[in-house]
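# how does the following fold in three dimensions:
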Amino acid sequence: MTAHTGMRPGPRPILEQLRQEDRDAKATYRSDYGPPQLTAQGWSPPPFEYDYITTPDECHEHADAAGSDDGWIKNHYAFCRIMKGEKGDRICVLNQCVTVKSTFRVTILGFGSERDRAVRFVTFVDDIVSNTPALKEATFLKLDLECTALVNGDECTEDPRQPTDLEKSLAEWERVPAYATRFTSTAPALTPENPNRLGYMDFWSRATARVIGLPNSRPQTKDSPPQKVRYDTVNYLNLNGNNAAIFSRVKAVMHIPVSRPEFAAMTESAAHYRLAQQSPQLTIPRIDGKTIPGAVNGEALTRWYFNNTNQNRAEAVKACVAEWGAGYAEGGKYQCDEYPFNTTHQGAARGDGRFSVSRISGPDNEAAGTWLGAWYSYDRILDSDAFHVDPTP
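Residues are numbered from 1 along each chain as shown. I've put the predicted structure just below:
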C-alpha cells in the first residue's frame, strides 16, 4: 500500500473558509421527499425519512464516486468511501524467490443526524484474497478512523464505547467484518460571528497491514484523503431537531418532480421556475439579456435567513402590481410567485433585475412554499448555504 497523509496540509482554516469550501463543492445530490399534503388547516409538509446508505453493496454500486478522493456523498446524511489495499512481501530462499500477497477492500459508511451533533461510521472489510493459505492468519490489518477538530477544538470527541481503531488478522476480519465508530461535538456559544453555532471536523481512514513471523516484513500504511462533517445548533429549522451533523462538502439540489401525479399541486410553481431558468428573457420584469441564477449547471442560490425582513417579497409584489395591477390577486384567487425565492440572497431586492414574478393560483404557491420550507429544514440548509433548483419534470 502506498502511504500519504490524510490530514489537510497547512494552517487550520477559519470558519468562513470552511463554509466557502462547501459552497464551492462540485458534487451535487437530489433529495427524494414526498409531496405536501392538503389538510383542513392548509398544506402540511411531507414526513422526513433518512435516505442512508445502509449496506456496503449500495456503496459498491457507486464505486467510481466512492473510490474518489471525496468519496460518495449520497445526501447530507449519507457518505461512503472505498479503499483498496494490499500487503506484499518477497521471500527468497536459496536463490528461489516468491511473492506472498494479500489484497482486501475497506468500505466506510457514514451516518449523519438531524437530531444530534453526532456522526456514526461503520467500517467493513471484505474481498480478502491471499495467494498463500496461511497468509490470512498471519496478516494483521489495523483500521483507524482519524479526525481533526477544525473550529472549536472538540468536534471529534470519540465515543469510548465505539473505538476508532481495531486490529485483527485477515482471517478474523472475514469472520467478523465490521466495527462501528462515533464522534460527537459540543455546541459552542452563540456569537455574531457564528450564529449557527457551527463546528467542523475532518476525518479520514488509515489502514495498516503487517505480517507476523516473516523476517524483514515491514508494515504498510495507507491513508484516505480527508472529508468533512459539519455540526450545527439552530432554532429556525423547525421541522426537525435543533442539532445536526451532516456531510457538507456537497451542493444540495431541490428537485420538484412534477411529472409524478402526487406533485400536481405544484405544477404552476415548477413551470415558473423552469421558465425563469431556461427562458429568462420571457419573464416579468422584461429586461433584455437578463439571466436568472439557480439552475443546476449555473450560479447557485444561497439561503437568506438572518436579517431577512421580506425585502425580496416587497420588490416582487411591486413587479406584480406593475404588470397586472393592484388587484392582481382577484380576491385571493391568485398570488405573486417569485423566483429566486424570497428566502435567498439572489432575490428581487438585490436590485439587478435578475428575478422573475408570475401570477399563479394561491393553492399552488402555498403548496410550493410549504415544500420549500420542509426541504430547507430536512436537508439542513442554513443561512448562506448554497443550493440549486431543478424544476424539470
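# residue closest to the middle of the protein?
Centroid-nearest residue in the chain: His76, 2.9 Å away (criterion: Cα atoms, centre = their mean).
# and that residue, what's its pLDDT?
Model confidence at His76, expressed as pLDDT, equals 98.
# just use 786 as the starting number from now, easier for me
Will do, 786 is the new start, and the previous item becomes His861.
# my read: it touches Ala1037, true?
Yes: assessed by Cβ atoms under 8 Å, His861 is found in contact with Ala1037 at 6.8 Å. The C-beta positions use only the backbone N, C-alpha and C, and glycine is treated the same way.
# check contacts around Ala1055.
For Ala1055, the contact set (Cβ atoms under 8 Å, 6 or more residues apart in numbering) comprises Ile1041, Val1043, Phe1048, Ala1153, Pro1176, Pro1178.
# okay, whatever helix or strand it lives in in PDB with CA atoms only?
Here Ala1055, judged by DSSP states H and E, is contained in helix 1052-1063. Taking C-alpha atoms only, helix 1052-1063 is exported to PDB below (Å, rounded to 0.1, in the frame of the first residue of the first chain):
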ATOM      1  CA  THR A1052     -47.200  22.400 -11.300                       C
ATOM      2  CA  GLU A1053     -47.600  26.200 -11.800                       C
ATOM      3  CA  SER A1054     -44.800  27.000  -9.400                       C
ATOM      4  CA  ALA A1055     -42.400  24.500 -11.100                       C
ATOM      5  CA  ALA A1056     -43.300  25.800 -14.600                       C
ATOM      6  CA  HIS A1057     -42.500  29.300 -13.400                       C
ATOM      7  CA  TYR A1058     -39.100  28.300 -12.000                       C
ATOM      8  CA  ARG A1059     -38.400  26.400 -15.300                       C
ATOM      9  CA  LEU A1060     -39.300  29.300 -17.500                       C
ATOM     10  CA  ALA A1061     -37.100  31.600 -15.300                       C
ATOM     11  CA  GLN A1062     -34.100  29.300 -15.700                       C
ATOM     12  CA  GLN A1063     -34.500  28.400 -19.300                       C
END
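# so what sits against both of His861 and Ala1037?
Shared contacts of His861 and Ala1037, defined by Cβ under 8 Å, 6+ apart, comprise Tyr814, Asp1164.
# quick one, helices of this structure?
Assignment of helices within the chain using DSSP state H yields the ranges 800-808, 841-845, 848-851, 920-923, 955-960, 1052-1063, 1096-1109, 1147-1163.
# for Glu834, which of those helices is the nearest?
Distance to Glu834, taken as Cβ to Cβ, is lowest for helix 1147-1163 among the helices of the chain, at 9.0 Å.
# need the pLDDT of the residue of the chain most remote from its centre.
Checked against the mean C-alpha position of the chain, the extreme residue using Cα atoms, centre = their mean is Leu879, at a distance of 56.5 Å. Among the per-residue scores, Leu879 shows a pLDDT of 81.
# gap between it and Ser1002?
Between Leu879 and Ser1002 the computed distance is 19 Å (Cβ to Cβ, to the nearest Å).
# for the contacts of Ala1055, which single residue is the most surrounded?
Greatest neighbour count in the contacts of Ala1055, by other Cβ atoms under 10 Å, goes to Ala1153: 27 neighbours.
# can you get me a residue count around the closest residue to that one other than its chain neighbours?
With Cβ to Cβ, 6 or more residues apart in numbering as the criterion, Ala1153 has its nearest non-adjacent residue at 3.6 Å, and that residue is Ser1054. When counting by other Cβ under 10 Å, one arrives at 26 neighbours for Ser1054.
# same check on Ala1050?
Neighbour number of Ala1050 under other Cβ under 10 Å is 21.
# excluding residues flanking it in the chain, which one is nearest it?
Setting aside the residues directly before and after it, Ala1050 is nearest to Ala1152 in space (Cβ to Cβ, 6+ apart), at 4.3 Å.
# how far away is that neighbour from Tyr1119?
Distance, Ala1152 to Tyr1119, using Cβ to Cβ: 14 Å.
# got it, and Asn1092?
From Asn1092 to Tyr1119 the distance is 30 Å (Cβ to Cβ).
# and those two? Which one has more around it.
Relative neighbour count places Tyr1119 above the other of Asn1092 and Tyr1119, with 20 against 7, counting by other Cβ under 10 Å.
# how about the contacts made by that one?
Counting by Cβ under 8 Å, 6+ apart, Tyr1119 touches Tyr1113, Arg1144, Ile1145, Ser1146, Gly1147.
# quick check, the first one in contact with Ala1107.
In other words, Tyr1113. No: counting by Cβ under 8 Å, Tyr1113 stays clear of Ala1107, with 9.7 Å between them.
# which other residues reach stretch 1062-1082?
With Cβ under 8 Å, 6+ apart as the contact definition, stretch 1062-1082 has outside contacts at 813, 1038, 1058, 1060-1061, 1083-1086, 1104-1105, 1107-1108, 1124-1125, 1131, 1138-1143, 1173-1176.
# show the average pLDDT along it.
Average pLDDT, stretch 1062-1082: 96.
# now stretch 1034-1043
94.
# one more: stretch 946-957?
96.
# got the buried residues for it?
Along stretch 946-957, the positions that meet the burial threshold by neighbour count (16 or more other Cβ atoms under 10 Å) are Thr949, Leu951, Lys953, Ser954, Leu955, Ala956, Glu957.
# OK, contacts around the first one?
What that stands for is Thr949. Neighbour list for Thr949: Asp929, Leu930, Glu931, Cys932, Glu943, Thr966 [criterion: Cβ under 8 Å, 6+ apart].
# of these, just the buried ones, ChimeraX syntax please.
Selection of the buried residues among those in ChimeraX, burial being defined by 16+ other Cβ under 10 Å:
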select :929,930,931,932,966
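# what about the contacts of Thr949, which are in strands?
With strands identified by DSSP state E, the entries of the contacts of Thr949 that belong to them are Asp929, Leu930, Glu931, Cys932, Glu943, Thr966.
# between those residues, which is closest to Val885?
Using Cβ to Cβ, the ones in strands among the contacts of Thr949 come closest to Val885 at Asp929, 24.4 Å.
# gap between the closest residue to the closest one other than its chain neighbours and Leu920?
Taking Cβ to Cβ, 6+ apart as the measure, Asp929 lies nearest to Asp950, with 3.8 Å between them; neighbours along the chain are not counted. Taking Cβ to Cβ as the criterion, Asp950 is separated from Leu920 by 22 Å.
# lovely, talk soon.
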